[in-house]
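Undergrad: here's my sequence, what's the structure:
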Amino acid sequence: QVQLVESGGGLVQPGGSLRLTCAVSGFRLDWYGMSWFRQAPGKERERVSCISASSVDIEYADSVKGRFTISRDNAKNTVYLQMNSLKPGDTAVYYCAKHYNLGCSQFVEVWGQGTQVTVSS
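TA: Numbers count the residues shown, from 1 in each chain. Here you go, the predicted structure:
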């Protein structure tokens, strides 16, 4: 059974940092591209970042470039999202997502349950 379990969300002040973790099971992580998405209240879900199976290809949304870093540890079956210099506009539910193949396609096969990130003073 394929599972993606996010953790690491919470309440943080503007300018602070959080690291999100996505623990995966039920499949070989090193065969698949993985992404982080987010959805704020009243807004559409958007992709924040993506990392290919080999970590060679990495993409970021313009809104988070220079502040967020995606990484993966295939041996530990884990994908990370380091978020620095957080802004109130980063407040959202963050989702881990598995793609159908090695790369960063637009199609998602499996979603995690999400973790809430709130940036507020």
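
Undergrad: show me what counts as buried in stretch 83-95.
TA: Judged by neighbour count (16 or more other C-beta atoms under 10 Å), stretch 83-95 contains these buried residues: Met83, Leu86, Asp90, Thr91, Ala92, Val93, Tyr94, Tyr95. (Glycine included, C-beta is placed from N, CA and C.)

Undergrad: revised request: answer the last question for stretch 23-33.
TA: Ala23, Val24, Phe27, Leu29, Tyr32, Gly33.

Undergrad: helix or strand: which one has the spatially most central residue of the chain?
TA: By C-alpha atoms, centre = their mean, the chain has its centre lying nearest to Trp36, at 2.5 Å. According to DSSP states H and E, Trp36 maps onto strand 34-39.

Undergrad: hmm, Leu102 and Trp31 touching each other?
TA: Yes - contact criterion C-beta atoms under 8 Å: Trp31 and Leu102 qualify, at 6.7 Å.

Undergrad: where do the contact lists of those two overlap?
TA: Ala53 (C-beta atoms under 8 Å, 6 or more residues apart in numbering).

Undergrad: ok, Tyr100 - how many residues close by?
TA: Residues lying near Tyr100 (other C-beta atoms under 10 Å) number 12.

Undergrad: so how far is Leu81 from it?
TA: 21 Å (C-beta to C-beta, to the nearest Å).

Undergrad: now do stretch 13-31: distance to the chain's middle.
TA: Offset of stretch 13-31 from its chain centre (C-alpha atoms, centre = their mean, to the nearest Å): 6 Å.

Undergrad: tell me which residues are up against it.
TA: 1-10, 12, 34, 36, 53-54, 72, 74, 77-88, 94, 96, 98, 102, 112, 115, 117, 119-121.

Undergrad: mind listing which of those residues are in strands?
TA: 3-7, 10, 12, 34, 36, 72, 78-83, 94, 96, 98, 115, 117, 119 (DSSP state E).

Undergrad: can you say which of the residues you listed are buried?
TA: 4, 6, 12, 34, 36, 72, 78-81, 83, 94, 96, 98, 115, 117, 119.
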